[in-house]
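1. okay, sequence plus prediction incoming.
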Amino acid sequence: MARAPRIAGRAALGLLLASCALGSAGCQFLPGQGVAGTGFLQLSGYGTGGGSPQPTGGGVPRVRGLGFPGPTFPIGGNVRGLYPGATIPLHLVVNNTLGAPILLTNVVTRVSGASPACGAANVSVSEFSGHVLIFPGKEVHPTVWVTMAHAATNACQGAVFPFRYRGTARYL
(Lines give C-alpha, C1' and ligand atoms only; values in the text may rest on other atoms or scores of the structure.)
Protein backbone atom coordinates (compact mmCIF):
# COMPACT_ATOMS: atom_id res chain seq x y z
CA MET A 1 0.00 0.00 0.00
CA ALA A 2 1.54 3.31 -1.08
CA ARG A 3 1.74 6.06 1.55
CA ALA A 4 1.34 9.77 1.00
CA PRO A 5 4.65 11.62 1.06
CA ARG A 6 5.70 13.39 4.28
CA ILE A 7 5.49 17.14 3.92
CA ALA A 8 6.24 20.11 6.15
CA GLY A 9 3.98 23.01 7.06
CA ARG A 10 0.28 23.75 6.79
CA ALA A 11 0.58 25.19 3.27
CA ALA A 12 2.08 21.96 2.01
CA LEU A 13 -0.61 19.99 3.87
CA GLY A 14 -3.25 22.10 2.13
CA LEU A 15 -1.74 21.23 -1.25
CA LEU A 16 -1.69 17.56 -0.34
CA LEU A 17 -5.35 17.65 0.73
CA ALA A 18 -6.33 19.50 -2.44
CA SER A 19 -4.65 16.81 -4.51
CA CYS A 20 -6.47 14.17 -2.42
CA ALA A 21 -9.78 15.87 -3.17
CA LEU A 22 -8.94 15.74 -6.87
CA GLY A 23 -8.26 12.00 -6.67
CA SER A 24 -4.46 12.04 -6.80
CA ALA A 25 -2.89 8.59 -6.78
CA GLY A 26 -0.95 7.65 -3.67
CA CYS A 27 -3.16 9.73 -1.36
CA GLN A 28 -5.21 7.90 1.22
CA PHE A 29 -7.08 8.37 4.47
CA LEU A 30 -6.29 5.87 7.22
CA PRO A 31 -8.63 5.41 10.20
CA GLY A 32 -7.26 7.23 13.24
CA GLN A 33 -4.37 8.78 11.31
CA GLY A 34 -5.87 11.50 9.11
CA VAL A 35 -3.94 11.77 5.87
CA ALA A 36 -1.38 8.99 5.85
CA GLY A 37 1.77 10.00 7.67
CA THR A 38 0.59 13.39 8.94
CA GLY A 39 -0.98 12.53 12.32
CA PHE A 40 -3.77 14.61 13.86
CA LEU A 41 -4.88 16.75 16.81
CA GLN A 42 -8.38 16.27 18.33
CA LEU A 43 -10.72 19.32 18.21
CA SER A 44 -14.10 20.14 19.76
CA GLY A 45 -17.05 21.96 18.27
CA TYR A 46 -19.84 23.64 20.23
CA GLY A 47 -23.02 25.50 19.42
CA THR A 48 -26.71 25.98 20.01
CA GLY A 49 -29.91 25.90 18.01
CA GLY A 50 -33.66 25.92 18.43
CA GLY A 51 -36.91 26.18 16.54
CA SER A 52 -36.26 29.20 14.34
CA PRO A 53 -35.21 28.92 10.68
CA GLN A 54 -31.84 27.38 9.95
CA PRO A 55 -28.94 29.82 9.55
CA THR A 56 -27.21 29.88 6.18
CA GLY A 57 -23.97 31.22 4.75
CA GLY A 58 -21.99 31.64 7.94
CA GLY A 59 -24.99 32.32 10.17
CA VAL A 60 -23.65 29.97 12.84
CA PRO A 61 -22.77 31.84 16.04
CA ARG A 62 -19.11 31.99 16.96
CA VAL A 63 -18.25 30.31 20.23
CA ARG A 64 -16.12 32.57 22.43
CA GLY A 65 -15.38 32.84 26.11
CA LEU A 66 -17.05 29.58 27.07
CA GLY A 67 -13.94 28.16 28.73
CA PHE A 68 -13.51 25.17 26.41
CA PRO A 69 -9.91 23.93 26.18
CA GLY A 70 -8.08 24.11 22.88
CA PRO A 71 -9.31 25.14 19.43
CA THR A 72 -13.04 24.95 18.73
CA PHE A 73 -15.30 25.27 15.69
CA PRO A 74 -18.95 26.46 15.63
CA ILE A 75 -21.96 24.19 15.05
CA GLY A 76 -25.55 25.35 14.55
CA GLY A 77 -28.83 24.31 13.05
CA ASN A 78 -32.55 24.69 13.66
CA VAL A 79 -35.80 22.97 12.75
CA ARG A 80 -39.42 24.03 12.42
CA GLY A 81 -42.63 22.14 12.03
CA LEU A 82 -42.32 19.44 14.70
CA TYR A 83 -45.53 17.76 15.79
CA PRO A 84 -46.31 14.54 17.68
CA GLY A 85 -45.10 11.53 15.67
CA ALA A 86 -43.03 13.57 13.18
CA THR A 87 -39.47 12.82 12.11
CA ILE A 88 -37.84 15.64 10.15
CA PRO A 89 -34.30 16.40 8.95
CA LEU A 90 -32.07 18.84 10.82
CA HIS A 91 -29.40 20.21 8.49
CA LEU A 92 -26.52 21.19 10.77
CA VAL A 93 -24.15 23.99 9.81
CA VAL A 94 -20.53 23.24 10.76
CA ASN A 95 -17.99 25.99 10.01
CA ASN A 96 -14.24 25.55 9.89
CA THR A 97 -13.05 28.82 11.42
CA LEU A 98 -9.61 27.34 12.04
CA GLY A 99 -6.56 27.84 9.85
CA ALA A 100 -6.21 24.27 8.55
CA PRO A 101 -8.41 21.51 7.11
CA ILE A 102 -10.34 19.45 9.66
CA LEU A 103 -12.10 16.10 9.50
CA LEU A 104 -15.51 16.15 11.23
CA THR A 105 -16.23 12.76 12.82
CA ASN A 106 -19.11 13.21 15.28
CA VAL A 107 -21.88 15.59 16.40
CA VAL A 108 -24.13 14.89 19.38
CA THR A 109 -27.20 17.02 20.17
CA ARG A 110 -28.56 17.58 23.68
CA VAL A 111 -32.20 18.69 23.82
CA SER A 112 -33.73 20.88 26.56
CA GLY A 113 -37.44 21.13 27.34
CA ALA A 114 -39.56 23.64 25.44
CA SER A 115 -41.78 24.43 28.44
CA PRO A 116 -43.02 22.84 31.68
CA ALA A 117 -45.85 21.27 29.64
CA CYS A 118 -43.45 19.89 27.01
CA GLY A 119 -40.19 18.44 28.33
CA ALA A 120 -37.04 17.29 26.55
CA ALA A 121 -38.11 13.62 26.72
CA ASN A 122 -40.60 14.37 23.92
CA VAL A 123 -37.88 14.98 21.33
CA SER A 124 -34.83 12.98 20.25
CA VAL A 125 -32.08 13.84 17.77
CA SER A 126 -29.95 11.24 16.01
CA GLU A 127 -26.15 11.43 16.25
CA PHE A 128 -23.97 12.33 13.27
CA SER A 129 -21.07 9.94 12.79
CA GLY A 130 -18.88 9.92 9.71
CA HIS A 131 -15.85 11.52 8.07
CA VAL A 132 -16.43 14.90 6.43
CA LEU A 133 -13.49 17.02 5.26
CA ILE A 134 -13.93 20.76 5.87
CA PHE A 135 -11.42 23.19 4.38
CA PRO A 136 -10.55 26.45 6.22
CA GLY A 137 -13.24 29.12 5.88
CA LYS A 138 -15.79 26.64 4.51
CA GLU A 139 -18.91 25.03 5.97
CA VAL A 140 -20.64 21.67 5.59
CA HIS A 141 -24.23 20.63 6.25
CA PRO A 142 -24.44 17.10 7.69
CA THR A 143 -28.00 15.91 8.33
CA VAL A 144 -29.37 14.35 11.51
CA TRP A 145 -32.99 13.45 12.27
CA VAL A 146 -35.29 15.00 14.88
CA THR A 147 -38.20 12.90 16.14
CA MET A 148 -41.08 14.01 18.34
CA ALA A 149 -42.68 11.19 20.33
CA HIS A 150 -46.15 10.02 19.24
CA ALA A 151 -47.25 10.42 22.86
CA ALA A 152 -46.21 14.10 23.03
CA THR A 153 -49.02 16.42 24.06
CA ASN A 154 -50.50 18.98 21.70
CA ALA A 155 -48.63 21.62 23.74
CA CYS A 156 -45.46 20.32 22.06
CA GLN A 157 -46.66 20.99 18.51
CA GLY A 158 -44.65 23.90 17.10
CA ALA A 159 -42.75 24.34 20.39
CA VAL A 160 -39.15 25.57 20.38
CA PHE A 161 -36.74 23.03 21.89
CA PRO A 162 -33.29 24.46 22.66
CA PHE A 163 -30.49 22.32 21.20
CA ARG A 164 -26.84 22.22 22.34
CA TYR A 165 -24.33 20.68 19.95
CA ARG A 166 -21.01 19.08 20.73
CA GLY A 167 -18.82 17.86 17.88
CA THR A 168 -15.54 16.12 17.38
CA ALA A 169 -13.08 16.73 14.58
CA ARG A 170 -9.35 16.56 14.05
CA TYR A 171 -6.74 18.46 12.10
CA LEU A 172 -5.39 16.58 9.14
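-> Nice, I can see it. It should be emphasised that the depicted structure is a prediction, and the values quoted were computed from it without experimental measurement.
2. low-confidence stretches in this protein?
-> 1-42, 50-70 (pLDDT under 70).
3. now with 90, please.
-> Along the chain, segments meeting pLDDT under 90 span 1-72, 80-81, 99, 154-155, 157-158, 171-172.
4. what's the domain layout of it?
-> The chain breaks down by automatic domain parsing into domains covering 1-39, 40-171.
5. what ranges does the chain have for its helices?
-> With DSSP state H as the criterion, the chain has helices at 10-21.
6. strands of that one, start to end?
-> 29-30, 34-35, 42-49, 72-76, 87-91, 93-95, 102-111, 123-125, 128-134, 139-140, 143-148, 163-171 (DSSP state E).
7. now the angle from the longest one to strand 87-91?
-> Meaning strand 102-111. Angle, strand 102-111 to strand 87-91, by axes from the mean of the first three to the mean of the last three CA atoms, to 10 degrees: 140 degrees.
8. show me what strand 102-111 is packed up against.
-> Applying 3 or more CB pairs under 8 Å, 6 or more residues apart in numbering; DSSP states H and E, one finds that strand 102-111 makes contact with strand 42-49, strand 123-125, strand 128-134, strand 163-171. Every residue, glycine included, has its C-beta placed from N, CA and C.
9. turn the strands of the chain into JSON lines, columns for distance to Ala117 and mean neighbour count.
-> Output for those, formatted as JSON lines (distance: least, CB to CB, whole Å; neighbours: other CB atoms under 10 Å):
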{"stretch": "strand 29-30", "distance to Ala117": "47", "mean neighbour count": "14"}
{"stretch": "strand 34-35", "distance to Ala117": "47", "mean neighbour count": "21"}
{"stretch": "strand 42-49", "distance to Ala117": "21", "mean neighbour count": "20"}
{"stretch": "strand 72-76", "distance to Ala117": "27", "mean neighbour count": "24"}
{"stretch": "strand 87-91", "distance to Ala117": "21", "mean neighbour count": "14"}
{"stretch": "strand 93-95", "distance to Ala117": "30", "mean neighbour count": "24"}
{"stretch": "strand 102-111", "distance to Ala117": "16", "mean neighbour count": "20"}
{"stretch": "strand 123-125", "distance to Ala117": "14", "mean neighbour count": "20"}
{"stretch": "strand 128-134", "distance to Ala117": "30", "mean neighbour count": "16"}
{"stretch": "strand 139-140", "distance to Ala117": "36", "mean neighbour count": "18"}
{"stretch": "strand 143-148", "distance to Ala117": "14", "mean neighbour count": "18"}
{"stretch": "strand 163-171", "distance to Ala117": "19", "mean neighbour count": "20"}
